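Peer 1: Take this sequence and fold it.
(chains A, B, C and D)
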Number of protein chains: 2
Amino acid sequence: MTMSEESAPRRTRPSMVDVARAAGVAPVTVSRVSNGQSNVDPVTRQRVVESMRALGYRPNSAARALKSGRFNTIGVIMFTLETFGNMRTLGGIAQEAAHANCAVTLIPVSDRTLGRVAGAYDRLSEAAVDGVVIIFEAHLLGEAEFPLPPGVPAVVIDSNTGSGYTVVDTDQAQGARQATEHLLSLGHERVWHIAGPAASFSATHRVDAWQSTLRAAGITPLAPLYGDWTTESGYRHGLTLGRQKNVTAIFAANDQMALGAMRALHELGRRIPADVSVVGFDDMEEAQSFWPPLTTVRQDFTAVGRLSVQKLLRKIARPERDTNDKTTLPTELIIRASTGAPPN
Amino acid sequence: MTMSEESAPRRTRPSMVDVARAAGVAPVTVSRVSNGQSNVDPVTRQRVVESMRALGYRPNSAARALKSGRFNTIGVIMFTLETFGNMRTLGGIAQEAAHANCAVTLIPVSDRTLGRVAGAYDRLSEAAVDGVVIIFEAHLLGEAEFPLPPGVPAVVIDSNTGSGYTVVDTDQAQGARQATEHLLSLGHERVWHIAGPAASFSATHRVDAWQSTLRAAGITPLAPLYGDWTTESGYRHGLTLGRQKNVTAIFAANDQMALGAMRALHELGRRIPADVSVVGFDDMEEAQSFWPPLTTVRQDFTAVGRLSVQKLLRKIARPERDTNDKTTLPTELIIRASTGAPPN
DNA sequence: ATGAAAGCGCTAACAC
DNA sequence: GTGTTAGCGCTTTCAT
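Peer 2: Now for the predicted structure:
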């Protein structure tokens, strides 16, 4: 009295044995064809290919990974996809990974507490990856040591100076120095700084370099104004600074905050750069079209992403030669129209 | 004469049998502990957990996937990571996927020709995914049918009207209509349009809606100026339009081009909005801080990403109930300071 | 509560 | 040039 079972829809994907049966060969021959090996008779190959197509065969990568022990996939742990820099870095990672015929798996961490990072590691353990790139965005200052899961090759993108792991990053200090020196060389007597969040490594490094550059020029540095990378925070601090008539030069720790600051200056009727000069950091694509076009420090996020993948792949290939080096990529000052000599 | 083999470093990750041996139990017991099943004696569990920790055991997801037939991973095929919208969409996808305890694998396609898309499918076949979200960004207009690989659950994010697959997108037409009507309602007699590339579905839909809105108001639409989404192209067209004194209202198909156009207007000494009003599309975070703050059409990229994942997961769960619906999310006009009544 | 056995789909090693 | 065998690490089923 059972319903006719054979009419149930065929739900499982065809496997190699299905193809082999259809083509009248052994599964291993299908495997050879699937992997493009040469030791298959052209006629047989043809027959197998047809069967594969007819059945809609696609290799099962889980089985392949199980066999090889390699997933050909790298994981990316990141706190947010929402920043320009992270996007570009991710782009570089994807690019380089594709180049190495490697997939990229996102392992986002929404929260910024260390507890949540541990959560990422749990998920990471389950993730099918051969290694990970961790884009720190550095909200974890104060955690002296950040525990990486043992046995997972990892490269960290960040500016922290800890030496426990391989690190790649832009030379934050150089960039901040370039920005500050540029403003000083234009004749400004002081340079104010709208910083990123104090919990960020890169923000902190920019603050340090800004201060030391001022000191080197014999200027007593002021306290930075801490923002949170958003245009909104740049705007807020821009209003504060713009109201002080002695402020003639502002260095913002990213382009968004620079943009917000410029908006504030516009609203206050302070001319840029006639009254106040503004420098940003990042050189996002839009910066050249801000009004006025923004002088800024370009960092090559794409290169950072690509390099970190190269290093990671090397680590994966030779886990024994596990050196933990730190690589720093140079920045470039892009001078546009938002900076000039101070008034009178 | 062989070197002492036993001194070779232990390179393979510990497996369940290693843990089982260490804990003095059968592998299946380790499996039960690993999966949090209840039918294990607390004492035994404790012993197993300790062995797992001692050996640094991490489950092999390939084996798990091979067993279960599920990767708990979705793939994302996209042409570029470099646009604001794609990034945000990806963020939404990642968010929703994480919510469903699902990893996200990037399958980028660098080139825009169909040949390369086919390449993406090859890689897709190898990718360990249960389904894919395809962010079209629509460079393929003219390809009447886009062949999806059979047997792979897929959701397409795009505005094309083809009915072969499940589609999610923002209501491009609504947004373009809102922008155009807003400018008309301010009293502008005509609205010029800086469009996205002609090969883009969404760009084309915005052009169509802009034109039909003008027609509905009894205005003969002009030809759009085709850009390529970049600030640079917006700037170029902005110069062209800004030089024509009868141009009082510009609707740009994205915020970047609007920004470029505003820069051109500034350079030409045309006041915004006193002389010329400008409307963008997207509402990127920076738009509120452009000078002047940009009136624009907000589209909820994150929601698009999330929804597409929801639909995809549903498809994966029940492949038999395979309906190919099209969902359209509403846009919202955000009025800021770049628009106003036309001069005199 | 614990274990033995089988098998997921694939490929390396070895015949022939 | 092709086939046979075995096993990757895990979980499901069926004992015990």
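
Peer 1: For the stretch 51-200 of chain A, what lies in contact range of DNA strand C?
Peer 2: A:Pro59, A:Asn60, A:Ala63, A:Arg64, A:Leu66, A:Lys67, A:Ser68 (Cβ under 7 Å from any atom of the strand). The C-beta positions use only the backbone N, C-alpha and C, and glycine is treated the same way.

Peer 1: From A:Met16, how far out is the first one?
Peer 2: Which is A:Pro59. Distance, A:Pro59 to A:Met16, by Cβ to Cβ, to the nearest Å: 8 Å.

Peer 1: and the residues of the stretch 51-200 of chain A next to DNA strand C, which are buried?
Peer 2: Neighbour counting with 16 or more other Cβ atoms under 10 Å in any protein chain shown marks A:Pro59, A:Asn60, A:Arg64, A:Leu66 as buried within those.

Peer 1: Just send the residues of the stretch 51-200 of chain A next to DNA strand C back as a markdown table, with secondary structure and pLDDT too.
Peer 2: Conversion of these to a markdown table gives the following (DSSP: H, G, I helix; E, B strand; the rest coil; pLDDT from 0 to 100):
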| residue | secondary structure | pLDDT |
| --- | --- | --- |
| A:Pro59 | coil | 89 |
| A:Asn60 | coil | 90 |
| A:Ala63 | helix | 93 |
| A:Arg64 | helix | 90 |
| A:Leu66 | helix | 92 |
| A:Lys67 | helix | 91 |
| A:Ser68 | helix | 89 |
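
Peer 1: contacting residues around the residue of chain A found nearest DNA strand C?
Peer 2: Residue of chain A nearest DNA strand C, by Cβ to the nearest atom of the strand: A:Met16 (2.9 Å). Neighbouring residues of A:Met16 by Cβ atoms under 8 Å, 6 or more residues apart in numbering or on different chains: A:Pro27, A:Val30, A:Ser31, A:Ser34, A:Tyr57.

Peer 1: again, only this time at 10 Å
Peer 2: A:Met16 is in contact with A:26-31, A:33-34, A:48, A:52, A:57, A:59-60, A:63, counting by Cβ atoms under 10 Å, 6 or more residues apart in numbering or on different chains.

Peer 1: again with A:Ala100
Peer 2: A:Asn72, A:Ile74, A:Val309, A:Gln310, A:Leu312, A:Leu313, A:Ile316 are the contacts of A:Ala100 under Cβ under 10 Å, 6+ apart.

Peer 1: Can you name the residues of chain A sitting close to DNA strand D?
Peer 2: Counting by Cβ under 7 Å from any atom of the strand, chain A comes close to DNA strand D at A:24-29, A:32, A:38-41, A:43-45, A:63, A:66-67, A:69.

Peer 1: Filter the residues you listed down to just the buried residues.
Peer 2: Buried among these by 16+ other Cβ under 10 Å: A:Val25, A:Thr29, A:Arg32, A:Val40, A:Arg45, A:Leu66.

Peer 1: Keep only those that also lie close to chain B.
Peer 2: Subset of those in contact with chain B: A:Leu66, counting by Cβ under 10 Å from any Cβ of the partner chain.

Peer 1: what is A:Val76 paired to in the beta sheet?
Peer 2: Beta bridges link A:Val76 to A:Leu106, A:Val133 when assigned by DSSP bridges.

Peer 1: close enough to count as contact, it and A:Ala97?
Peer 2: Yes - with contact defined as Cβ atoms under 10 Å, A:Val76 and A:Ala97 form a contacting pair (9.1 Å).

Peer 1: Could you name every residue contacting both of the two?
Peer 2: With Cβ under 10 Å, 6+ apart as the test, A:Val76 and A:Ala97 both reach A:Val104, A:Thr105, A:Val133, A:Gly305, A:Val309, B:Leu106.

Peer 1: right, and out of those, which lies closest to DNA strand D?
Peer 2: A:Thr105 (18.4 Å).

Peer 1: and A:Arg215, what are its phi and psi?
Peer 2: phi -60, psi -40 (degrees, to the nearest 10).

Peer 1: A:Pro330 too?
Peer 2: Dihedral pair for A:Pro330: phi -70, psi 160, per degrees, to the nearest 10.

Peer 1: next one: A:Thr73
Peer 2: phi -140, psi 140.

Peer 1: Surely it and A:Val129 touch.
Peer 2: Yes - if you go by Cβ under 10 Å, A:Thr73 and A:Val129 touch, sitting 5.0 Å apart.

Peer 1: So these two - more neighbours on which side?
Peer 2: Neighbour comparison, A:Thr73 and A:Val129: the larger count goes to A:Val129, with 27 against 23 (by other Cβ atoms under 10 Å in any protein chain shown).

Peer 1: per-residue pLDDT, that one?
Peer 2: A:Val129 is assigned a predicted lDDT (pLDDT) of 88.

Peer 1: What number of residues are in the vicinity of the nearest residue to it once chain neighbours are set aside?
Peer 2: Spatially, and ignoring its direct neighbours in sequence, A:Val129 is nearest to A:Gly75 (3.7 Å; Cβ to Cβ, 6 or more residues apart in numbering or on different chains). Using other Cβ under 10 Å, A:Gly75 is surrounded by 27 other residues.

Peer 1: Now the residue positioned nearest the centre of chain A: which helix or strand?
Peer 2: Taking Cα atoms, centre = their mean, the centroid of chain A lies closest to A:Thr89, which sits 3.2 Å from it. Under the criterion of DSSP states H and E, A:Thr89 resides in helix A:84-99.
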